[in-house]
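Enquirer: Got a predicted structure plus its sequence, pasted below:
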Amino acid sequence: MSTRNVRFIGGPLDGRVQDLRDHEAVAGRLLKHIHLHDGPKIETQYELHYTPESGWVYHLCGTQP
């Protein structure tokens, strides 16, 4: 199983880069991030996109307090 990098754009994970495994590399895949530190729970959703120019990128697509 190989891995590649994915970059986050927007929200609390903006600028983060992490590994993306083969089985996770599906355009349109949604990822939910839950922030629990120092305050109310905030859920943020990211959608996975791929372009030959920038590779795999998670774009912010929603936030719920």
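Expert: Yep, it's here.

Enquirer: mean confidence for stretch 56-65?
Expert: Stretch 56-65 comes out with an average pLDDT of 82.

Enquirer: Contacts only, for the most centrally placed residue in the chain.
Expert: Central residue of the chain (Cα atoms, centre = their mean): Y58, 3.8 Å from the mean position. Counting by Cβ atoms under 8 Å, 6 or more residues apart in numbering, Y58 makes contact with 6-9, 13, 31, 46-49. Where you see a C-beta, it was placed from the backbone N, CA and C, and this is true even at glycine.

Enquirer: And the helix or strand of the chain with the lowest mean pLDDT, what's buried?
Expert: The least trusted helix or strand in the chain, going by mean pLDDT, DSSP states H and E, turns out to be strand 55-64, with a mean of 86. Neighbour-count burial for strand 55-64 flags 56-58, 60 (criterion: 16 or more other Cβ atoms under 10 Å).

Enquirer: what do you get for stretch 28-36?
Expert: H33.

Enquirer: can you give me the end-to-end distance of stretch 14-26?
Expert: In stretch 14-26, first residue to last residue: 20 Å (Cα to Cα, to the nearest Å).

Enquirer: try stretch 18-31
Expert: End-to-end distance for stretch 18-31, by Cα to Cα: 13 Å.

Enquirer: Now do that stretch, average pLDDT.
Expert: 92.

Enquirer: circling back: tell me the strands beside the least confident helix or strand of the chain, with direction?
Expert: Strand 55-64 pairs in its sheet with strand 3-9 (parallel), strand 42-51 (antiparallel), by DSSP bridges.

Enquirer: returning to that earlier point: excluding its backbone neighbours, what's nearest the residue nearest to the centre of the chain?
Expert: Leaving out its chain neighbours, the residue that sits closest to Y58 by Cβ to Cβ, 6 or more residues apart in numbering is Y46, at 3.8 Å.

Enquirer: Same question for H49.
Expert: H49's closest residue in space is V57 (Cβ to Cβ, 6+ apart), at 5.3 Å.

Enquirer: List the beta-bridge partners for the closest residue to I34 other than its chain neighbours.
Expert: The spatially closest residue to I34, leaving aside those adjacent along the chain, is E43, at 5.3 Å (Cβ to Cβ, 6+ apart). In this entry, E43 is beta-bridged to I34, Q64, by DSSP bridges.
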